[in-house]
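Engineer: what shape does this take:
(one chain, ligands or ions: 1)
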Amino acid sequence: MKIKIVGLTKKFPGDIKKGIQDTVAVDHLDLEIDDGKLIGLLGPSGCGKSTTLYMISGLKEPTDGQIYFDDEDVTFLTPEKRGIGLVFQNYALYPHMTVYKNILFPLTSLKVKDNEKSFVVEKSKKIIEILDNVNALIDLIKSTAIDGKIKRDAAVSAICNKYKVSMYLARQIYSYNLHASTDLNNDVQKRIDDALISIKEEKERLIKKNLHVNDNNEIVNENNECKQIERKLTKDEMDALVREAARLVQIENYLERKPAELSGGQQQRVAIARALVKKPKVLLLDEPLSNLDARLRIQTREEIRKIQQRTGITTVFVTHDQEEAMSICDRILVMKDGKAMQEGEPQEVYRDPKDLFVAKFLGTPPINVFKGYIRNNQLYIGNEKIKDVNPNIEDKNVYVAIRPEGFIIDDKGVFSLDCKEIITMGRDLSLVCSSPFFVGDKIKIIIDSDITPWIGTIKFSIRDSKLYVFDEKSEERIAI
Ligand code: ATP
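Structural biologist: Coordinates of the predicted model:
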């Protein structure tokens, strides 16, 4: 599903009496998200990320603009009609329900439009298909034995997972007790005969109404036309969907637990399974990792990425953590004050920031920003001439931003800094430096540990690809 956002705006009205001004949370946002992509909405607190997500979900109505899912204008559709799955930061699981029931919950009210089907025929055919290779079934059941003893629940669950059938059908098949049969051929044939009789009876019942069952188990009239019906899901269908979603996020072994008996990461996976169980066309995640500790955050974000790639579901992921967005997203949108600042592949936005805000927002440690100026086609910081610039650029004051990895210790370097502290970080060294022209708190530089730095004045040459120049007034990047 492709998502297109045009001029999306959300204004929260203020209150003149209380002196509260209107807030433009999202301001004429344009964005296109290709089918199957994971996009991160990124930006500081209050920049409008969540409001954008809620408008895509239908939980908030825009003041202006349109939202399209493929070619359909969904701007004013209710969330239920949009086919979305939502995951919030606080998981919002029902504590008194098992994991199974939590995932099941969205399905209980779901109505599907469907061609009328014969579930009797479908189920009977499935039984015949499984019994057709009864040795594989018996091997599977026996493989779940512990200390030579077969446990019903484990065997049923294995049947569910292998044959993608509901728990109810798996229980029925297990109850045939074929793994303990002393006359296997005869017992199998009896079950197959029962299934064939069920199919025959169902077909006879339908024929009386001039109806038939086609190869897809749909009920058709004499012109091969199916009847469209709106119906609730059957118990079997719901069960199969719950198990499929649980398998997808790998919590199929925890279905009978209550949320409190799971780790934070597992609970968040349950929340994702619950969002996926209705097979949404779009998955919306609002800071889904912020309640997890650092280790679980990294693990869970990678799992989210895998789930997203496995399902190919178009996903919008809200975070204020740039590293998180950079590591799992196909694309990122950096926002500020409700506006789109820059959109693109994470590395592309990092390498090629269009303005100072984006340059400062991406990268750890952050980019180092200095006050500088351009005079007679030369870029200066203080009295030091850093490099030649494009002759078309007029003299002006600028910001010079240099990534921490852009500095090389060099006797003949063009830029001097006062090194205050040297910190070892694995293979690299981090230098904390100062400069009267620095804008901010601490200059942080990363260099290879094969060069031995010292405390005091150090001269650096600067890697060209790590240096950016921005207009002091507009803060827009200047191509130098
Ligand atoms: P955070 O990272 O802190 O969650 P965000 O980028 O998701 O922030 P939003 O929650 O979208 O930001 O809020 C954007 C702006 O809209 C903020 O200034 C916020 O105060 C304002 N805002 C959000 N909801 C409302 C509301 N219901 N009424 C008034 N103002 C609101």
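Engineer: quick one: the strands in the stretch 1-150 of the chain, in order.
Structural biologist: Secondary structure of the stretch 1-150 of the chain by DSSP state E, counting those that start in this stretch: the strands cover 3-12, 23-33, 38-42, 64-69, 72-73, 84-87, 111-115.
Engineer: partner strands of the third one, with direction?
Structural biologist: Applying DSSP bridges, strand 38-42 is found paired with strand 314-319 (parallel), strand 331-336 (parallel).
Engineer: could you do the fourth one as well?
Structural biologist: Strand 64-69 has these partner strands in its sheet, going by DSSP bridges: strand 3-12 (antiparallel), strand 72-73 (antiparallel).
Engineer: just name the most buried of these.
Structural biologist: The highest average neighbour count among the strands paired with strand 64-69, using mean count of other Cβ atoms under 10 Å, belongs to strand 3-12 at a mean of 18. Where C-beta positions appear, they are placed from N, C-alpha and C, glycine not excepted.
Engineer: does any part of that strand sit near the ligand?
Structural biologist: Yes: counting by Cβ under 6 Å from any ligand atom, the ligand is contacted by strand 3-12 at Phe12.
Engineer: what residues does that strand touch?
Structural biologist: When contacts are taken as Cβ atoms under 8 Å, 6 or more residues apart in numbering, the neighbours of strand 3-12 outside the stretch itself are 22-33, 48, 51-52, 55-56, 60, 62-69, 282, 314, 316, 338.
Engineer: buried among these? Make that a PyMOL selection.
Structural biologist: Typed into PyMOL, the next command selects the buried ones out of the contacts of strand 3-12 (criterion: 16 or more other Cβ atoms under 10 Å):
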select buried, resi 24+25+26+27+29+31+33+48+51+52+55+56+60+62+63+65+67+68+69+282+314+316+338
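Engineer: flag every residue of the stretch 1-150 of the chain that's near the ligand.
Structural biologist: So far as Cβ under 6 Å from any ligand atom goes, the stretch 1-150 of the chain lies against the ligand at Phe12, Thr23, Ala25, Gly43, Ser45, Gly46, Cys47, Gly48, Lys49, Ser50, Thr51.
Engineer: so who does the last one touch?
Structural biologist: Thr51 sits next to Lys10, Ala25, Val26, Lys60, Gly338 when contact means Cβ under 8 Å, 6+ apart.
Engineer: kindly recompute the last result at 6 Å.
Structural biologist: By Cβ atoms under 6 Å, 6 or more residues apart in numbering, the contact set of Thr51 is Lys10, Ala25, Val26.
Engineer: about what we covered before: mean pLDDT for the strands of the stretch 1-150 of the chain - can I get that in TSV?
Structural biologist: Formatted as TSV, the strands of the stretch 1-150 of the chain follow (pLDDT from 0 to 100):
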stretch	mean pLDDT
strand 3-12	97
strand 23-33	97
strand 38-42	96
strand 64-69	97
strand 72-73	96
strand 84-87	91
strand 111-115	85
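Engineer: looking at these, spot the one closest to Ser263.
Structural biologist: Within the strands of the stretch 1-150 of the chain, the stretch nearest Ser263 is strand 84-87; the backing value is 16.4 Å (Cβ to Cβ).
Engineer: can you tell me what sits against that closest one?
Structural biologist: Identification of contacts with strand 84-87 by Cβ under 6 Å, 6+ apart yields Ser57, Ala271, Ile272, Ala275, Leu276, Pro280, Val282, Leu283, Leu284, Leu285, Pro288.
Engineer: what's the farthest-apart pair in those?
Structural biologist: With distance counted by Cβ to Cβ, no two of the contacts of strand 84-87 lie farther apart than Ala271 and Val282, which are 16.1 Å apart.
Engineer: Asn377 is nearest to which of the strands paired with strand 64-69?
Structural biologist: The closest approach between Asn377 and any of the strands paired with strand 64-69, judged by Cβ to Cβ, belongs to strand 3-12 at 41.0 Å.
Engineer: and the angle for that closest one with strand 23-33?
Structural biologist: Between strand 3-12 and strand 23-33, the angle formed by their directions is 180 degrees, by axes from the mean of the first three to the mean of the last three Cα atoms, to 10 degrees.
Engineer: chain center to strand 3-12: distance?
Structural biologist: Relative to the centre of its chain, strand 3-12 is centred 21 Å away, using Cα atoms, centre = their mean, to the nearest Å.
Engineer: what segments of the stretch 351-480 of the chain are strands?
Structural biologist: Taking DSSP E, counting those that start in this stretch as the criterion, the stretch 351-480 of the chain contains strands spanning 368-375, 378-381, 384-388, 396-402, 407-409, 415-425, 428-434, 443-448, 456-462, 467-471.
Engineer: redo these as a markdown table? Include distance to the ligand, mean neighbour count and mean pLDDT.
Structural biologist: A markdown table is the format used below for these (distance: least, Cβ to the nearest ligand atom, whole Å; neighbours: other Cβ atoms under 10 Å; pLDDT from 0 to 100):
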| stretch | distance to the ligand | mean neighbour count | mean pLDDT |
| --- | --- | --- | --- |
| strand 368-375 | 23 | 19 | 97 |
| strand 378-381 | 34 | 19 | 96 |
| strand 384-388 | 35 | 15 | 96 |
| strand 396-402 | 24 | 20 | 97 |
| strand 407-409 | 32 | 20 | 94 |
| strand 415-425 | 29 | 15 | 93 |
| strand 428-434 | 28 | 17 | 93 |
| strand 443-448 | 25 | 19 | 92 |
| strand 456-462 | 34 | 16 | 96 |
| strand 467-471 | 23 | 21 | 97 |
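Engineer: how about a markdown table for those, with distance to Asp194 added?
Structural biologist: Compiled in a markdown table, the strands of the stretch 351-480 of the chain are given as follows (distance: least, Cβ to Cβ, whole Å):
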| stretch | distance to Asp194 |
| --- | --- |
| strand 368-375 | 77 |
| strand 378-381 | 86 |
| strand 384-388 | 85 |
| strand 396-402 | 76 |
| strand 407-409 | 78 |
| strand 415-425 | 69 |
| strand 428-434 | 70 |
| strand 443-448 | 72 |
| strand 456-462 | 80 |
| strand 467-471 | 75 |
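Engineer: and the residue of the stretch 301-450 of the chain closest to the ligand?
Structural biologist: Shortest the stretch 301-450 of the chain-to-the ligand distance, computed as Cβ to the nearest ligand atom: residue-wise this is His320, at 4.6 Å.
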